[in-house]
Each structure stands twice: as C-alpha cells, then as structure tokens.
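Novice: Sequence first, then the predicted structure:
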Amino acid sequence: MRILHVFRAPIGGLFRHIRDLAQAQAELGHEIGIICDANTGGPQADDLFAELKPHCSLGIKRISMGRLPGFGDIMSARDVGTFAKQVGFDILHGHGAKGGVYARLAASRAGAKAVYTAHGGTLHYSWKSPTGLIFLGVERLLLTKTDGLVFVCDYEKRTFDEKLGIGSTKNCVVHNGLWPHEFSPTKVSKTASDVLFIGELRMLKGVDVLIEALADIDGATATIVGDGPDRGIFETLVNSKGLSDKIKFTGAMPAHDAFGLGKLMVIPSRHESFPYIVLEAIAAHKPIIASDVGGIGEVLDASCLVRANDKDCLKRHIQRFLDDPEAAQTQANDRAKLLKEHKSVHAMASQICAFYDTL
C-alpha cells in the first residue's frame, strides 16, 4: 500500500508513534510518505527525520500548520490534499486533531481511504466548555468523512465513543509497541536519586503532586528530567518546600539516557492517553508508580497505580518502594518479560496494516 501519515507537530509520543509505525510499515513492504508542520520540532526533529528518510520512499514534506484553529488551516488542508493527489496514496492516516482534520478533508480528493488516530487530543475536552463544543463538534462532523478509526488503547476508544459516538465506523484498538533493542535492563547510576520523573514539565503531568508527596518523605531524593512551560512553577515549589538539595532538574534528554538517574519511575499525570514512557520504563526494567488515568491501567497492574492528583496516595506508594526496593525490582523484571512477549513495533504495524486492508 501507499500510505501517507499526516500530523502537525514532530514532537513527543505522537511523533515517536509515527516514526515507529512508518519504519515498520516500510519494512513490511509498503511505501510511506509523511507530511507535517515545518515550524516545530527544531534541530532534534531534523535529526529524527534524517534517520526516517530511508524508510519514506514517497517523501517527507513539511508545510506550515498552525497550532490553533484559524484561516491558515484552509491553506494547510489544501496543501495536504495537493501533495496527496500528486503522489497518489491508498491510505491517508491522520494523527492528532490537526492531522485528523487535514487527512480526512484531503482523502476523498486524493482518492484514498481516510484513517484517524486521536492520540488523546480533542478527547481531553468537554462538550460543556466553549472550546470543547467547537473542537468536539468538528470531530463529529468529520466522522462522515472517516473510513476507519485506529485507537492506541481501549480507554481512548471508550472515550471517543462516549463523547462522539463511533456508530458503524470501522475501528480497531492497537497498543503501541517497542523495538527489540529497547528491552534491556538499565544500569542505575551510583549517584541515582530515589525517584525519577521523565516528561514534559506542565501541570497536566502532575509534577507538582510528586513534589508535594516528596516533601512529606524524610530524606527522599528525586531527579526531574524534561522541560516545558511550567518548569519555573515547579522549581519555585521545590524551593518553597526547602527541597532544592533533594530534587534536581536536568532539562530534557532521551529517556534511555535518563533511566539510570533514578531508582523508581514515577508518572503522576492528571490526564494521559497511552504514554510511551510507561512502555519504555517497563522495557528498561524500572519499578514504576503511575496515575491510573487513560490506558495506563491496561499495561500496569493495580499495585503500581495511584489515584491522580492524590499526593497522600502517591506518598504511600513511594514509601512502600523505599521500604522494599528489591521486591519492586523483581516485579519490574517480570513485567518486562511479559511486555516483550506482547508489545512489539512489528506486531503494532502488522495489525494496523491488516486493518487498512479491511477498508
């Protein structure tokens, strides 16, 4: 098949998913193209595109795509449609809110089938808010132009159905997967902190809840890896709690480089869909505590889960790890073995391509 992946920003877990999917689909013999925004991602995205280029025989095209809705979307949608028609594709797979809009508007013009994966996106909004009313309203209208829906977890499918209604639209659930080389224990540094957070530094990720929990645990240390718009807020909170000698911020770095900086991985998010960092941490044999939000509970057992936004619950789970880290590590090793058996990139790509075939 000739497959075009359409999305806006080449950053984060969504971009990781598309890179993995595109490469694995190419290895299965399909021809792949990509179109996304030209103004985001920076040098890191450029490097990742350079690695992906050999797998994209139908090209990597970057155009202007605005983050917020506006008149520029008309031009962007037209450009996607023109590229798709000129090259000729069988499948236009839109990822995220913007990618989903552009792919579905362009598919009929290009004579292709339109597939959409939300990756959370507009599903975080409510019909009760003015913004949510607009975004969810557009999503509902676009269902008439959708040939197939691919969900990255059962939670995402349930939420989509509750808010928009799937109806008779063909759909499937395919969990994200990892490459074979990612399944290996990470050597923990001799200077590793007790707790490790890796992710974007914004309130949605619950970093403030983690800091509040750590403030109540004598002697507990933490390393916070990442960057984002709320980093200053979190640094101020650390200082106000007198924890500047216990909690350090490193800035952004690849997850595989960061895993050795802490003994216990904590993911205290308020909202998620199906975050890659959970899979990556499991594959790295890291003991984990995570909020029971989104699809996280589909890969982690109840012993690893805490209520979102509950610092006392998080504190108890961290203390339990500190009291018996060996038992937690044994569980982590078993969890990694189980994940390796069921969550590979090639299985993910094969299942999605099989779904394309049904269209």
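Specialist: Sure thing, it's come through. Numbering: from 1, shown residues only.

Novice: what's the nearest residue to residue 306 if we skip its chain neighbours?
Specialist: In space, residue 306 comes closest to residue 313 once its chain neighbours are excluded; the distance is 4.6 Å by C-beta to C-beta, 6 or more residues apart in numbering. (Each C-beta comes from the backbone N, C-alpha and C, glycine too.)

Novice: Could you verify my assumption that that neighbour touches residue 307?
Specialist: Yes - with contacts counted by C-beta atoms under 8 Å, residue 313 reaches residue 307, the gap being 5.0 Å.

Novice: ok, those two, which is more surrounded?
Specialist: Taking other C-beta atoms under 10 Å, residue 313 and residue 307 do not tie; residue 313 has more neighbours (18 against 12).

Novice: Just the pLDDT at that one, thanks.
Specialist: According to the prediction, residue 313 has pLDDT 97.

Novice: now it: how far from residue 336?
Specialist: Noted for residue 313: a distance of 25 Å to residue 336, by C-beta to C-beta, to the nearest Å.

Novice: Which helix or which strand is home to the residue nearest to residue 306?
Specialist: helix 311-323 (DSSP states H and E).

Novice: Counting neighbours, show which residues of that helix come out buried.
Specialist: 311, 313, 314, 315, 317, 318, 321, 322 (16 or more other C-beta atoms under 10 Å).

Novice: Tell me which stretches of the chain form strands.
Specialist: 2-6, 31-37, 60-63, 91-95, 113-117, 148-151, 170-173, 193-198, 222-225, 247-251, 262-267, 288-291, 305-306 (DSSP state E).

Novice: In JSON lines, list those along with distance to residue 14 and mean neighbour count.
Specialist: Formatted as JSON lines, the strands of the chain follow (distance: least, C-beta to C-beta, whole Å; neighbours: other C-beta atoms under 10 Å):
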{"stretch": "strand 2-6", "distance to residue 14": "10", "mean neighbour count": "26"}
{"stretch": "strand 31-37", "distance to residue 14": "10", "mean neighbour count": "23"}
{"stretch": "strand 60-63", "distance to residue 14": "16", "mean neighbour count": "17"}
{"stretch": "strand 91-95", "distance to residue 14": "6", "mean neighbour count": "28"}
{"stretch": "strand 113-117", "distance to residue 14": "9", "mean neighbour count": "27"}
{"stretch": "strand 148-151", "distance to residue 14": "13", "mean neighbour count": "23"}
{"stretch": "strand 170-173", "distance to residue 14": "17", "mean neighbour count": "17"}
{"stretch": "strand 193-198", "distance to residue 14": "17", "mean neighbour count": "24"}
{"stretch": "strand 222-225", "distance to residue 14": "19", "mean neighbour count": "24"}
{"stretch": "strand 247-251", "distance to residue 14": "21", "mean neighbour count": "16"}
{"stretch": "strand 262-267", "distance to residue 14": "17", "mean neighbour count": "25"}
{"stretch": "strand 288-291", "distance to residue 14": "19", "mean neighbour count": "26"}
{"stretch": "strand 305-306", "distance to residue 14": "24", "mean neighbour count": "22"}
